[in-house]
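>>> Here is my input, please return the structure:
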Amino acid sequence: MVLADDRILEYLEVEGPQSPVRVSRDDRLEYERQYVNRRLLKLAEAGLVDKDRIGRGVYAINDVGREYLEGELDARELPAPE
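A predicted model of the protein is given here:
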């Protein structure tokens, strides 16, 4: 987990399901689309977000991601992304 992961999770918590393009275009986050896409894939592998729950290429924070943000889950307890 890197700082960007926390910021992306917080963004999804507030804004709801988003595509990597929408996340990267937000002025509050200054990350390139490719970087956001890579981080969202890692977050999905770790079980913190769900992909395509709403539509193609859209990610949504899930209950595990919310537990992580609330401090109820340590990043070391998450499955290691491959």
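>>> ranges for the strands of the protein?
Here the chain has its strands, by DSSP state E, at 49-51, 59-61.
>>> Would you format those strands as TSV with mean pLDDT included?
Output for those, formatted as TSV (pLDDT from 0 to 100):
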stretch	mean pLDDT
strand 49-51	93
strand 59-61	96
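>>> Determine which stretch of those is the most buried.
Most buried of the strands of the chain by mean neighbour count (mean count of other CB atoms under 10 Å) is strand 59-61; its value is a mean of 23. C-betas here are computed from N, CA, C, even on glycine.
>>> Could you list every helix and strand in contact with that strand?
For strand 59-61, the elements it packs on are helix 3-15, helix 33-45, strand 49-51, judged by 3 or more CB pairs under 8 Å, 6 or more residues apart in numbering; DSSP states H and E.
>>> Any chance of TSV for the strands of the chain, columns distance to Leu40?
Conversion of those to TSV gives the following (distance: least, CB to CB, whole Å):
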stretch	distance to Leu40
strand 49-51	6
strand 59-61	5
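>>> To Arg33, which of those strands lies closest?
Among the strands of the chain, strand 59-61 comes nearest to Arg33, with 12.9 Å by CB to CB.
>>> Would you quantify the distance from Leu48 to Val23?
Here the distance between Leu48 and Val23 works out to 14 Å (CB to CB, to the nearest Å).
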